[in-house]
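Enquirer: following is a predicted model, sequence given first.
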Amino acid sequence: MTSQTPPTTPPGMPSLSEILIQSADLPWRAKSLAGVHEKMLWRDEATGATIALIRFDKGSSIPTPHLHASNQFMFCLEGHYEYTSTGVTLRAGSFYCNPKGNVHGPTLAHEDTIVVEMYDGPHYPERPSWYTNDEDAR
């Protein structure tokens, strides 16, 4: 039997190793915007791409229109979350894609809501005013 060297990841590319996370074992991290919490599942430090669970408590909101520096994708696991200026509403099973640079919001969680949120690059061109620390905006 011959031993083989495992493939290596080219410099600058994300790891190709498998990742398994039991999200129930992760604590929710409160963000600096009241009523918003996250469980970061994956982050590529080189590109800013992320996959996270985001929980919006009933009544919480993103207070102003804003845009993202990359494409945003959300899949609603539970709850009722609305983009109030357009009436776009996410409920369990809804998939939402917001293209880079598209101004959207404000939002309102009509119920406790959990979404899987993905970005294919950095979240914001600059930290939004409703966050009080840089970690919450990445």
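Expert: Arrived safely, thanks for sending. Note that this is a predicted model, so its numbers are computed, not measured. Residues are numbered from 1 along each chain as shown.

Enquirer: give me the low-pLDDT residue ranges for this structure?
Expert: Scanning the chain for pLDDT under 70 picks out the ranges 1-16.

Enquirer: tell me the centre residue of it?
Expert: Centroid-nearest residue in the chain, with CA atoms, centre = their mean: Glu117, separated by 3.3 Å.

Enquirer: against Arg29, how distant is that one?
Expert: Remark: distance between Glu117 and Arg29 (CB to CB, to the nearest Å) = 14 Å. Quick note: C-beta positions are derived from backbone N, CA and C, even for glycine.

Enquirer: quick one, strands of this protein?
Expert: Counting by DSSP state E, the chain has strands at residues 29-30, 36-43, 50-56, 72-78, 80-83, 88-91, 95-98, 107-109, 113-119.

Enquirer: select, out of the ones you listed, the one closest to Leu20.
Expert: Leu20 lies closest, by CB to CB, to one member of the strands of the chain: strand 36-43, at 10.5 Å.

Enquirer: give the buried residues for the closest one.
Expert: Residues 36-39, 41 are the ones in strand 36-43 that count as buried (16 or more other CB atoms under 10 Å).

Enquirer: same question for stretch 88-102.
Expert: Residues 90, 94, 96, 98 are the ones in stretch 88-102 that count as buried (16+ other CB under 10 Å).
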